[in-house]
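Visitor: Task: produce atomic coordinates for the following.
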Amino acid sequence: MQTQSTGAGSFATFDLSRVPSPCFVVDEVALRQNLEILQALSKASGAEILLALKAFSMWSLAPMVREYLSGTCASGLWEAKLAQAHYGGQLTSYAPAFKASEFNEIASLSDHIVFNSVAQVTRFGAQAQHLGASIGLRLNPQHSEGEVEKYDPCAPRSRLGQPVSEITELPEMVSGLHMHTLCEQGFAPLARTIEAIEPFLHAHKDQLKWLNLGGGHLITRPDYDRDGLVQLLTRLRQDLDVQIYLELGTSVAFDTGILVGEVLDVMENDGPVAIVDISATCHMPDVLEAPYRPALLGEPTSSDSRQVTLGGPSCLAGDVIGRYAFEAMPQAGQRLAFLDQAHYSMVKTSTFNGIALPSIAIWNSESDALRLVKQFDYRDFETRLS
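Guide: Below you'll find the predicted structure:
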């Protein structure tokens with residue numbers, strides 16, 4: 001996968017030495033700009049936009065999010081509780097399968113409950129209705145647009161959503177449908193997906209009150225066709241007579257944050273290798289899971305640049321971020337930063353190998369105000385296990 005970052009933006013002028021290392025730094029100005037784009041799209045199309053907490057759950061910024069979006073979506077009980085505690089607004093909850101021991105609490109917190117299969121609707125639907133939640137079913141449109149198969153919810157043997165070919169009629173209690181088929185993609189893949197699934201939607205329109213098109217729409221990237229999206233959402237809302245929802249994570253936090261780190265050592269092994277205090281394994285796991293190469297702040301493009309392998313401090317042999325260009329050989333103590341790290345990286349960090357979690361800071365690129373909102377210590381590592 002390729003990084004979608006459009007560049008350093010305001011972070012080109014940020015002094016990396018102002019924060020501890022490692023540290024996530026989120027620009028609240030850039031976040032507000034993204035939220036303004038999404039709010040304008042919501043008003044133009046009539047669609048409700050929810051923040052996907054699985055991608056960006058930095059609740060220090062929840063007051064700002066509440067100004068612009070209609071609510072949140074959760075993937076389980078703890079995210080639902082976080083939504084209630086900090087975000088407010090509407091809450092949609094979805095999981096590939098719900099646990100019976102947690103279901104009542106999740107349903108009591110949620111406005112919409114989206115089930116992954118007809119079997120889950122049969123098992124839990126009546127409970128959800130009794131607790132006041134609207135019932136939805138996640139569809140697998142069986143129309144693939146994913147660039148990488150393991151991230152494609154429509155890939156063969158996918159566990160995400162009821163395949164449309166297996167649905168002859170919807171359970172009577174279902175009043176909404178949900179689809180999430182994209183991953184950081186533009187408008188055209190969505191348009192093709194809707195074209196493929198629209199006959200099914202029209203066949204069941206009399207039963208539907210809402211349609212949730214999930215996430216993966218990179219709406220805040222400058223080259224996204226927002227006019228095309230507004231037209232599509234408006235048409236669907238009118239033709240199907242339903243409320244449209246989008247669940248956005250990456251779009252909310254896109255290009256709003258960096259991960260600052262520091263070079264610890266430089267060695268030679270068939271070329272220079274720099275050890276940094278940012279771990280791909282612990283701090284940017286999508287580097288290994290996707291995999292992808294995150295953009296490096298200020299990386300030169302000249303042909304005479306030095307190519308250096310950057311690796312993390314853990315003892316995992318595969319804890320390698322990638323090869324990067326430097327104008328001069330990096331030195332111990334030198335700061336560096338990776339771009340577009342506010343979404344997913346922050347929520348997926350771990351303390352494997354006793355590696356410290358990055359601190360979290362909020363920066364205002366207009367006023368230059370900086371505040372450190374979270375620092376982790378040994379107790380965070382010790383209290384995870386017993």
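Visitor: CA only for contacts and neighbour counts going forward, please
Guide: OK.
Visitor: quick one: average pLDDT of stretch 181-198?
Guide: Across stretch 181-198, pLDDT averages out at 95.
Visitor: what's next to that stretch, contact-wise?
Guide: 4, 140-141, 143-146, 151-154, 214-219, 224-226, 228-229, 232, 250 (Cα atoms under 8 Å, 6 or more residues apart in numbering).
Visitor: Pull out the buried members of those.
Guide: Using 16 or more other Cα atoms under 10 Å as the burial test, the contacts of stretch 181-198 include 4, 140-141, 143-146, 152-154, 214-219, 224, 226, 229, 232, 250 as buried.
Visitor: what ranges do the helices span in this protein?
Guide: 28-45, 62-68, 77-82, 100-109, 118-130, 187-203, 226-240, 250-253, 280-283, 286-289, 378-382 (DSSP state H).
Visitor: From Tyr292, how far off is Thr92?
Guide: Distance, Thr92 to Tyr292, by Cα to Cα, to the nearest Å: 30 Å.
Visitor: which strand is the longest one in the protein?
Guide: With secondary structure taken from DSSP state E, the chain has its longest strand at strand 257-268.
Visitor: What strands line up against that one, and which way round?
Guide: Applying DSSP bridges, strand 257-268 is found paired with strand 23-27 (antiparallel), strand 272-276 (antiparallel), strand 335-339 (antiparallel).
Visitor: right, and those - which one's nearest Ser359?
Guide: Nearest to Ser359, of all these, is strand 23-27, at 4.4 Å by Cα to Cα.
Visitor: Let me know the average pLDDT across the closest one.
Guide: Rounded mean pLDDT across strand 23-27 is 98.
Visitor: which residues touch that strand?
Guide: Strand 23-27 is contacted by residues 256-261, 341-342, 346, 358-365 when judged by Cα under 8 Å, 6+ apart.
Visitor: mind giving me the domain split of this protein?
Guide: Using automatic domain parsing, the domains assigned to the chain come out as 9-25+256-382, 46-253.
Visitor: still on that earlier bit, and the longest strand of the chain, how far from the chain's centre?
Guide: A distance of 25 Å separates the centroid of the chain from that of strand 257-268, by Cα atoms, centre = their mean, to the nearest Å.
Visitor: next one: stretch 23-30
Guide: With Cα atoms, centre = their mean, you get 16 Å for stretch 23-30.
Visitor: Next: stretch 89-99.
Guide: On the basis of Cα atoms, centre = their mean, stretch 89-99 sits 16 Å off its chain's mean C-alpha point.
Visitor: Pull the number of nearby residues for Leu190.
Guide: 20 (other Cα atoms under 10 Å).
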